[in-house]
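Student: Fold the following and give me the result.
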Amino acid sequence: MLQGEAVRRRTVHSLPSLQAKAVTWLTRAGRPVLGERHLAILEAVCDSGSLNAAAKHLHMSYRDAWGKIRQAEAALGVELIAARVGGARGGGTRLTAQGEEVLCRLRAFHREEQQAVMHCAATYFGERPARATVRHSGEHLVLATTTSVVDTGLLGTLLAPVTRRMGIDVEVLAVGSGAALHLARAGRADVVLVHAPPAEERALQAGDTVNRRPVMTNEFVLVGPPDDPAQVRGVDAVRAAFRRIAAVQAPFLSRGDESGTHQRERALFDAAGITPGAWYRRGHCGMAESLRRTDSLHGYTLTDRGTFAALADELSLEVLCGGGPELRNPYSVSATNPYRHAGANYLAAMTLVGWLTSPAAQELIAAYRVAGRPVAQPAAAERPAGRTSTR
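Tutor: Reported below is the predicted structural model:
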């Protein structure tokens, strides 16, 4: 072997561990349409209610921010932002319904893209060995699930035996329930664990998912600041609590991402006959981040009790309203329909479904605690609503 060749090989094998960050544009007809800067602008508008404030926060000119949004609108053929006139805050800028949807999709896209890039960097320039053997063996499983089971740590406890005993490598995509079901519909997830019963039933009826099974339940709670400016503490019905928040226009932070929590919150507002105003803000983020933002806003939000318990020590928020059938929060697992997506790993998905509904996994759910409180109650013995399979 030549000396130079030996030096070259030694240098390659001794490369330091490197990480990667993706910078990607979504294009149309070869022209850039959406990128990370658009994501930042839309998020800042959502948080501040003002394009001018958003531009200042991002250290860019108002003209530049306005131009980027208008270029994206022209390429997409939709309106992303709109002026809000009058009101207690004196007007400003809000995201349109199409803008909220684009923001939600863009956040999910960049999150998944970055996860994929980081995995590739770890495989080829990091310390972890490549997982190609596992992937080609057919034992790689993509689970799309709600953020709450990840934030509480429960999912890690439930998945550990799947990898250790069954040899299935589970890749977790932690998104809202709506986004998880969208991934199944697109064939980009093999199995979903979510808590949005109406949306789950629609997915079954549409043939996106099959074999839906109950796994567990917990409870939604309304949390807010200790001084409780809307005076909702101890109110019997959550609808009445929502009416009090609307009456005093206290800040309310919504997930705003079609998650199970967002869907339940929206149903409760509709049932209470409330049309949210400027006091209602959309976070477009997971439950843990929503709680942190709510705390900084000195506002209110709807959350699952388990995630709140996991973060309670770092928050000043308190549980102010809970209990009752309207706040019951059921979780179910479903497999992606293999007759619609031939590439779905249906056998591994059904192995996971079987494990989550097994007596052993149900005992783990019953025993799991955060801050001394149970996160969820087993529910595999319950009969699921609607059909359980389709073909």
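
Student: for the protein, longest strand please?
Tutor: Looking across the chain with DSSP state E, the single longest strand is strand 209-224.

Student: and it, which strands flank it?
Tutor: When sheet partners are counted by DSSP bridges, strand 209-224 sits next to strand 301-304 (antiparallel), strand 318-322 (antiparallel), strand 328-336 (antiparallel), strand 377-378 (antiparallel).

Student: Report the rounded mean pLDDT for the first one.
Tutor: Across strand 301-304, pLDDT averages out at 92.

Student: can you list contacts of that strand?
Tutor: Contacts with strand 301-304, where a contact means CB atoms under 8 Å, 6 or more residues apart in numbering, come from 148, 195, 218-224, 252-254, 261, 264-265, 268, 287, 290-291, 294, 329. From N, CA and C alone the C-beta is placed, and that goes for glycine too.

Student: elements contacting the following helix or strand past that strand?
Tutor: With elements assigned by DSSP states H and E, the helix or strand that comes after strand 301-304 is helix 305-311. Contacting helix 305-311 under the criterion 3 or more CB pairs under 8 Å, 6 or more residues apart in numbering; DSSP states H and E are the following elements: helix 147-151, strand 209-224, helix 287-297, strand 318-322, strand 369-370.

Student: Alpha carbons only: can I get helix 305-311 in CSV?
Tutor: Coordinates of the C-alpha atoms in helix 305-311 are reproduced here as CSV (Å, rounded to 0.1, in the frame of the first residue of the first chain):
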residue,chain,number,x,y,z
ARG,A,305,-53.2,16.3,32.7
GLY,A,306,-50.2,14.1,32.2
THR,A,307,-48.2,16.7,30.2
PHE,A,308,-49.1,19.3,32.7
ALA,A,309,-47.9,17.1,35.6
ALA,A,310,-44.6,16.5,33.8
LEU,A,311,-43.9,20.3,33.6
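
Student: Measure how far it is from the centre of its chain, please.
Tutor: Remark: helix 305-311 is offset 16 Å from the chain centroid, using CA atoms, centre = their mean, to the nearest Å.

Student: pLDDT on the longest helix along the chain, on average?
Tutor: Assignment by DSSP state H gives helix 97-125 as the longest helix of the chain. Average pLDDT, helix 97-125: 73.

Student: hmm, back to that, give me whichever of the helices and strands packed on helix 305-311 is most buried.
Tutor: Burial of these is given as mean neighbour count (mean count of other CB atoms under 10 Å); helix 147-151 ranks first at a mean of 26.

Student: Would you mind pulling up the elements that that one packs against?
Tutor: The helices and strands touching helix 147-151, judged by 3+ CB pairs under 8 Å, 6+ apart, are helix 154-166, strand 169-174, helix 287-297, helix 305-311.

Student: I'd like these laid out as a markdown table, including distance to Glu113.
Tutor: A markdown table is the format used below for the helices and strands packed on helix 147-151 (distance: least, CB to CB, whole Å):
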| stretch | distance to Glu113 |
| --- | --- |
| helix 154-166 | 22 |
| strand 169-174 | 12 |
| helix 287-297 | 19 |
| helix 305-311 | 25 |
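
Student: Could you single out the most deeply buried of these?
Tutor: For the helices and strands packed on helix 147-151, average neighbour numbers computed from mean count of other CB under 10 Å are highest in helix 305-311, which has a mean of 24.

Student: next SSE after the worst-scoring helix or strand of the chain on mean pLDDT?
Tutor: Lowest by mean pLDDT, DSSP states H and E among the helices and strands of the chain is helix 132-136, with a mean of 33. For helix 132-136, the following helix or strand on the C-terminal side (DSSP H and E) is strand 140-145.

Student: Can you list the strands that that following strand pairs with?
Tutor: Sheet partners assigned to strand 140-145 using DSSP bridges are listed as strand 169-174 (parallel), strand 191-194 (parallel).

Student: Quick one: these as TSV, columns for distance to Glu200 and mean pLDDT too.
Tutor: What follows is these, written out as TSV (distance: least, CB to CB, whole Å; pLDDT from 0 to 100):
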stretch	distance to Glu200	mean pLDDT
strand 169-174	17	90
strand 191-194	6	96
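
Student: Which one of the ones you listed lies nearest to Phe109?
Tutor: Closest approach to Phe109 among the strands paired with strand 140-145 is made by strand 169-174 (11.9 Å; CB to CB).

Student: contacting residues around the closest one?
Tutor: Contact partners of strand 169-174, identified using CB under 8 Å, 6+ apart, comprise 112, 115, 131, 134-135, 139-147, 150, 155, 159, 162-163, 180, 183, 189, 286, 352.
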